[in-house]
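Q: sharing a model that was predicted from the sequence below.
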Amino acid sequence: MIESLAAAVRAAPDDLTLRLHLAGLLVDAGRGPDAIAHVATVLAADPESAQARELMGRAMGPAPVADSPAPETHAPDEAAAPTTAEPATFDWHAAESDLGEPVGPMFVDGSTEDPGPAPYDVEAAGIRLADVGGLTEVKKRLEASFLAPLRNPELRALYGKSLRGGLLLYGPPGCGKTFLAKAVAGELGASFLHVSLADVLDMYIGQSERNVKELFEVARSSAPCVLFLDELDAIGGKRSLNRSSGARTTVNQLLTELDGVGSDNEGVFVLAATNHPWDVDPALRRPGRLDRTLLVLPPDREAREAILRTHLRDRPVERIDTRRLAKATDGFSGADLAHLCESASENALMESVGSGQVRMIGMADFDQALAEIRPSIGPWMETARNVALYANASGEYDDLAKWLRKKR
């Protein structure tokens, strides 16, 4: 009978009634260890089964003695007295207390849990404007339009200079706008919060606006803080060109936070950067918001030489004429100069690998790299020239037009 039931259980493993019947026969036959596995399977599927609990207690109890004496016979009219005691029931409460603290489930569904605010990192700037090579005119404009009023509160009060509004840095890509923003934070002794498109944009309706609100709340709680909006044209593009209602409402929330509606932006200095200021929503650039604009141009000759020295400082170089290189790289952005140093280093590395002898980086490596690398800001200059010529009726791009005339 046991073997037949075992075969039936193997054929129908989900039949709990059949499995309990087999476990009962195994216990009665003194095969408690074999019965435990079947009872455990039933309890895993139905922890409240009283029959399974009772069988588990019997299976874990002492096995019956095989050679027990035959029971005494009684007369038909005589009550039959039980000859053996009932096996003790397994104490589940005692077993649970022995286990100590309950073990948590292996898997949980956290979909209903509130994930809390997004983790935005506020960092120390660690650099000053003195660490920025060259860009003398840019530093002067920064000092006059942004830093001097902040450093001199008495003079600011005397002249009625307001701290409302922010600063928009624009210019070709790779010219150090982010580095300048960090240097401004260092000059102010403020923390630095870098905001990119990935920190704001979200696939769910309303979450992008909530992200903007949380970013400003983090900046306010970390004041004094420089809140740097990178690639502003992607975060705050013209609403008239946005077909997505989510993009338009995100710009609306950004405008609300810049105005400090419902919150005080005291100690929060807003800086933004973009390569295409003509694609930024005009409302973001009205007085009281990002009302000061600073053109960050490709590095001049002095700045190019400083950038080259910085990138070559930790490399094995020999007799490098940085002055000649700075003269030969007119129109290169900071990113282009970093790429030039990488290419020259790669030339020396590959030759060292081929010859088996390590050598220094020399001017020949830079000459070879210069023959292959061209400035990367050409496409931007074409777009900027069209804007300066045909979309500058308000005069907001006069600095850009003046620089482009010099570059002809």
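A: Yep, it's here.
Q: just after the helix or strand of the chain with the lowest mean pLDDT, pick out the following helix or strand.
A: Using mean pLDDT, DSSP states H and E, the weakest-scoring helix or strand in the chain turns out to be helix 92-99, at a mean of 64. The helix or strand immediately downstream of helix 92-99 is strand 123-124, counting by DSSP states H and E.
Q: counting by contacts, list what the helix or strand following that following strand packs against.
A: Counting by DSSP H and E, the element after strand 123-124 in chain order, helix or strand, is helix 136-142. Packed against helix 136-142 by the contact rule (3 or more Cβ pairs under 8 Å, 6 or more residues apart in numbering; DSSP states H and E) you find helix 177-188, strand 292-295. Placement of C-beta: from N, CA and C, glycine included.
Q: can I get those in a markdown table including mean neighbour count?
A: Output for those, formatted as a markdown table (neighbours: other Cβ atoms under 10 Å):
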| stretch | mean neighbour count |
| --- | --- |
| helix 177-188 | 22 |
| strand 292-295 | 19 |
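Q: can you add distance to residue 21 and mean pLDDT and give the ones you listed back as TSV?
A: Formatted as TSV, these follow (distance: least, Cβ to Cβ, whole Å; pLDDT from 0 to 100):
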stretch	distance to residue 21	mean pLDDT
helix 177-188	74	87
strand 292-295	85	88
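Q: quick one: contacts of the longest helix belonging to the chain?
A: The helix that spans the most residues within the chain, counting by DSSP state H, is helix 334-355. Helix 334-355 is contacted by residues 173-176, 179, 298-299, 304, 307-308, 311-312, 315, 325, 329, 332, 358-362, 365-366, 368-370, 372-373, 375-377 when judged by Cβ atoms under 8 Å, 6 or more residues apart in numbering.
Q: of the residues you listed, which belong to strands?
A: Using DSSP state E, no member of the contacts of helix 334-355 falls within strands.
Q: can you list the strands that the biggest strand by length in the chain pairs with?
A: Ordering each strand of the chain by length in residues (DSSP E) puts strand 268-274 first. Counting by DSSP bridges, the strands paired with strand 268-274 are strand 167-170 (parallel), strand 225-229 (parallel).
Q: residue 256 belongs to a strand?
A: No. Using DSSP: H, G, I helix; E, B strand; the rest coil, the assignment for residue 256 is helix, not a strand.
Q: for it, grab the count of nearby residues.
A: Residue 256 has 16 neighbours, counted by other Cβ atoms under 10 Å.
Q: roughly how far apart are it and residue 266?
A: Per Cβ to Cβ, to the nearest Å, residue 256 is found 17 Å from residue 266.
Q: likewise residue 231?
A: Distance from residue 231 to residue 266, by Cβ to Cβ: 27 Å.
Q: could you do residue 201 as well?
A: On the measure of Cβ to Cβ, residue 201 and residue 266 end up 28 Å apart.
Q: who has more neighbours out of those two?
A: residue 201 (15 against 10).
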